[in-house]
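Student: Provided below are the primary sequence and the corresponding predicted coordinates.
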There are 2 protein chains.
Amino acid sequence: MESVSGAARVRRHEDVKSAARVLEVLELLGAEGARLSLADMASTLAVPKSSLHAVLRTMESRRWVETDPSGTLYSLGLKALLTGTAYLESDDLAGIAGPVLDLLAEETGEAVHLGRLDDTDVVYLAKRESRHALRMYSAVGRRLPAHATALGKAILSQYDAAEIQRRLNWPLPALTPSTVTDPDELLAQLADARKRGWAQDEGESSVDIRCVAVPLGTGHGGGDAISCSAPRSRMDDARLSEIAVHVTEAAHSLRTLLRRLGEH
Amino acid sequence: MESVSGAARVRRHEDVKSAARVLEVLELLGAEGARLSLADMASTLAVPKSSLHAVLRTMESRRWVETDPSGTLYSLGLKALLTGTAYLESDDLAGIAGPVLDLLAEETGEAVHLGRLDDTDVVYLAKRESRHALRMYSAVGRRLPAHATALGKAILSQYDAAEIQRRLNWPLPALTPSTVTDPDELLAQLADARKRGWAQDEGESSVDIRCVAVPLGTGHGGGDAISCSAPRSRMDDARLSEIAVHVTEAAHSLRTLLRRLGEH
DNA sequence: CAACGACATTCGGTCTTCTGAACGCATCGG
DNA sequence: CCGATGCGTTCAGAAGACCGAATGTCGTTG
């Protein structure tokens, strides 16, 4: 080893290369919902084909990825199903939130979400549909930029301006024409939300969808929130205020349940 | 390890060690639904602590695992949520099965499942509750031994005796007193199921639950099936036959839809 | 209060994996 | 029919991970 010559005394903690690559492959296949070739992934991840080949063979033999009949396109394997549901089961909040979300969905008749901050995104942990629960799990696990959703803004409103600057990835991407991308505007909205106790989204993530969200606290290194969303046609300002009360009450119940759980 | 001087001519395709370990950690944390210490995992997986430490640090920095406030107990992280739902979205069958399962659940009023064979287990891909859809996703991703479920027996009935011997892990574990563990008995039941077109489960995975399942084909290296289950009190022999007809029809619809999809 | 135990963490030498450039094998177009 | 392009796959040298033993750190116990 050439460690003699002067530099690099610092010994920063580095990642285990192929461990990181396994996770990157899973994230890539998960994000795209995709079937990708080895060469595609290699160029996307900037990893040599030959190295990725060995990693994929390992993943395939354990059924974490599957290949086409043709053998050239990879997608997620059956084992990948295990972790998602296990995460929800091992999580205290997701475990106890069910009944509270059901109640909120019944009171409001609209879509209800439980979300958690992960870096700059909000991840849906649970969902209740406004009416019938078709393909309910399709949204769980999905992520949206925090600044473009009521959930994300509710969570961010619990931090001060400096922390918010640090947590977001500037410049902010716009999902719709209404998405707030101006730093000052966003900080002002978050200050409002903090004062008021709830955040809102005016078609900033999906056109014509209004949404109200209330934060639950700053656990897990990120933070959680619950929300209620509906099309503009069913949600005028009066209804929005009314729904905000229901969501706030639900959030209060959840915080109480969580605290009890923490005390054993 | 002891490097045996001179041997190892064969150069078999071996796994990438730390890639395999990442997957083993995910499977361990996923299966136990657990919070485990580094030392626990190291001894369970038979891996040196120091090696596992580096792998876990990599996984933690990417939020695939999280630690306690105390920092000593690991559990699955937020990123783990991504893969499970993405698998379901990328899968043709899971994608189109929704409406068919809904119909079947409505016709029968009972719990409906879509399952897939993975080694010796059946994995639930989708579920419809008999009445209200509370905590619906809790079962998706869960696994049960194939020989103890109607779903598993339906799938296995599509293979011949030799293939069944090969696919199962003998001796068969018993989940309830009724679980079939005798090879001849199981093969006889599977032969019946093949002839009849549907398999059944008489409290073999859960006491007092009867279940009817119909296979969908042998794709994905395993095979798929759908089922309908109910407590014995709501399912006498007459009702069971009646339900078997509904399940068979639903399976027929699904096979047709799948075939169309294959032809573009 | 000190010694213990259980745990995560560090460290350097050895052995493994990683990698760029080669190959084999299809598919496609001229 | 042949060359070109794309893919997955292999290989030996180079680079980095792996592991046992030692250390650091916490909470608990004698």
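Tutor: Happy to help now that I have it.
Student: alpha carbons only for contacts and neighbour counts from here, please
Tutor: Fine.
Student: all helices of the stretch 1-150 of chain A, in order?
Tutor: Secondary structure of the stretch 1-150 of chain A (DSSP state H, counting those that start in this stretch): helices at A:17-32, A:38-45, A:49-61, A:79-90, A:92-108, A:150-156.
Student: Nearest to chain B, out of those helices?
Tutor: For chain B, the closest of the helices of the stretch 1-150 of chain A is helix A:79-90, at 3.9 Å, according to Cα to the nearest Cα.
Student: Quick one: list the elements packing against the helix or strand bottoming out on mean pLDDT in chain A.
Tutor: Using mean pLDDT, DSSP states H and E, the weakest-scoring helix or strand in chain A turns out to be helix A:79-90, at a mean of 85. Under the contact criterion of 3 or more Cα pairs under 8 Å, 6 or more residues apart in numbering or on different chains; DSSP states H and E, helix A:79-90 touches helix A:92-108, helix B:17-32, strand B:73-76, helix B:80-90.
Student: I'd like to know which of these is closest to DNA strand D.
Tutor: helix B:17-32 (3.6 Å; Cα to the nearest atom of the strand).
Student: What are the buried residues along that closest one?
Tutor: B:18-23, B:25-30 (16 or more other Cα atoms under 10 Å in any protein chain shown).
Student: And stretch A:175-194, by the same measure?
Tutor: Neighbour-count burial for stretch A:175-194 [16+ other Cα under 10 Å]: A:175, A:178-181, A:186-187, A:189-191, A:193-194.
Student: gap between the two ends of it?
Tutor: In stretch A:175-194, first residue to last residue: 24 Å (Cα to Cα, to the nearest Å).
Student: now swap in stretch A:40-57 and tell me
Tutor: Criterion Cα to Cα; first-to-last residue distance in stretch A:40-57 is 16 Å.
Student: Would you map out the domains in chain A?
Tutor: Per the record, chain A has its domains at A:17-80, A:91-262, by automatic domain parsing.
Student: Export those domains as CSV, with columns for distance to B:Leu144.
Tutor: As requested, these are exported to CSV (distance: least, Cα to Cα, whole Å):
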stretch, distance to B:Leu144
domain A:17-80, 13
domain A:91-262, 21
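Student: I'd like those written out as TSV, with distance to DNA strand C added.
Tutor: Output for the domains of chain A, formatted as TSV (distance: least, Cα to the nearest atom of the strand, whole Å):
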stretch	distance to DNA strand C
domain A:17-80	4
domain A:91-262	16
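Student: With respect to B:Leu38, which of those domains lies nearest?
Tutor: Between B:Leu38 and those, the shortest gap by Cα to Cα is with domain A:17-80, which sits at 16.4 Å.
Student: and the helix or strand hosting A:Arg239, which residues are buried?
Tutor: Per DSSP states H and E: A:Arg239 is located in helix A:237-262. Residues A:240, A:243-248, A:250-251, A:254-255, A:257-258 are the ones in helix A:237-262 that count as buried (16+ other Cα under 10 Å).
Student: Please identify the most buried of the helices of the stretch 1-150 of chain A.
Tutor: helix A:150-156 (a mean of 32; mean count of other Cα atoms under 10 Å in any protein chain shown).
Student: Tell me how far stretch A:72-86 lies from the chain's centre.
Tutor: Taking Cα atoms, centre = their mean, to the nearest Å, one finds the center of stretch A:72-86 at 18 Å from the center of the full chain.
Student: measure it end to end?
Tutor: Using Cα to Cα, one end of stretch A:72-86 lies 30 Å from the other.
Student: Are that stretch and DNA strand D in contact anywhere?
Tutor: Yes. Contact of stretch A:72-86 with DNA strand D (Cα under 7 Å from any atom of the strand) involves A:72-73.
Student: Also stretch A:52-60?
Tutor: Yes. Applying Cα under 7 Å from any atom of the strand, one finds stretch A:52-60 in contact with DNA strand D at A:His53.
Student: Show the average pLDDT along that stretch.
Tutor: Mean pLDDT, stretch A:52-60: 91.
Student: A:Cys211 reaches A:Ile226, doesn't it?
Tutor: No. Look at A:Cys211 against A:Ile226 with Cα atoms under 8 Å: they stay out of range, at 10.3 Å.
Student: more neighbours, those two?
Tutor: Remark: of A:Cys211 and A:Ile226, A:Ile226 carries more neighbours, 32 against 28, as counted by other Cα atoms under 10 Å in any protein chain shown.
Student: Quick one: residues contacting the more buried one.
Tutor: Applying Cα atoms under 8 Å, 6 or more residues apart in numbering or on different chains to A:Ile226 gives the contacts A:112-115, A:151, A:213-216, A:247, A:251.
Student: same thing but 7 Å
Tutor: By Cα atoms under 7 Å, 6 or more residues apart in numbering or on different chains, the contact set of A:Ile226 is A:113-115, A:151, A:213-215, A:251.
Student: ok, and does stretch A:141-150 reach over to chain B?
Tutor: Yes. Using Cα under 7 Å from any Cα of the partner chain, stretch A:141-150 comes into contact with chain B via A:141-142.
Student: hang on, the earlier thing: wait, which of the helices and strands packed on helix A:79-90 is closest to A:Glu60?
Tutor: helix B:17-32 (10.3 Å).
Student: check which helix or strand covers A:Glu185.
Tutor: helix A:183-196.
Student: Show me the contact partners of that helix.
Tutor: By Cα under 7 Å, 6+ apart, helix A:183-196 touches A:153-154, A:157-158, A:161, A:180, A:199.
Student: tell me the phi and psi of the spatially closest residue to A:His252 that is not a sequence neighbour?
Tutor: Of all residues not flanking A:His252 in the chain, A:Leu216 sits nearest, at 7.9 Å (Cα to Cα, 6 or more residues apart in numbering or on different chains). When read as degrees, to the nearest 10, the backbone of A:Leu216 gives phi -110, psi -10.
Student: For A:Leu216, list the residues it contacts.
Tutor: A:224-225, A:251, A:255.
Student: Surely A:Asn232 and A:Arg210 touch.
Tutor: Actually, residue A:232 is Arg rather than Asn. Yes. Between A:Arg232 and A:Arg210 there is a contact under Cα atoms under 7 Å: 5.8 Å.
Student: quick one, which of those two is more surrounded?
Tutor: A count of neighbours by other Cα under 10 Å puts A:Arg210 above the other of A:Arg232 and A:Arg210, at 25 against 16.
Student: Pretty sure the more buried one sits against A:Cys228.
Tutor: No. In this structure, A:Arg210 is not within contact of A:Cys228 by Cα under 7 Å, at 8.5 Å.
Student: Show me whatever sits in contact with both of these two.
Tutor: By Cα under 7 Å, 6+ apart, A:Arg210 and A:Cys228 have no common neighbours.
Student: if I look at the residue nearest to A:Ser18 when sequence neighbours are not counted, how far off is A:His53?
Tutor: Ranked by Cα to Cα, 6+ apart and with sequence neighbours excluded, the top spatial neighbour of A:Ser18 is B:Ala19, at 5.6 Å. If you measure B:Ala19 against A:His53 using Cα to Cα, the figure is 12 Å.
Student: All good on my end, thank you.
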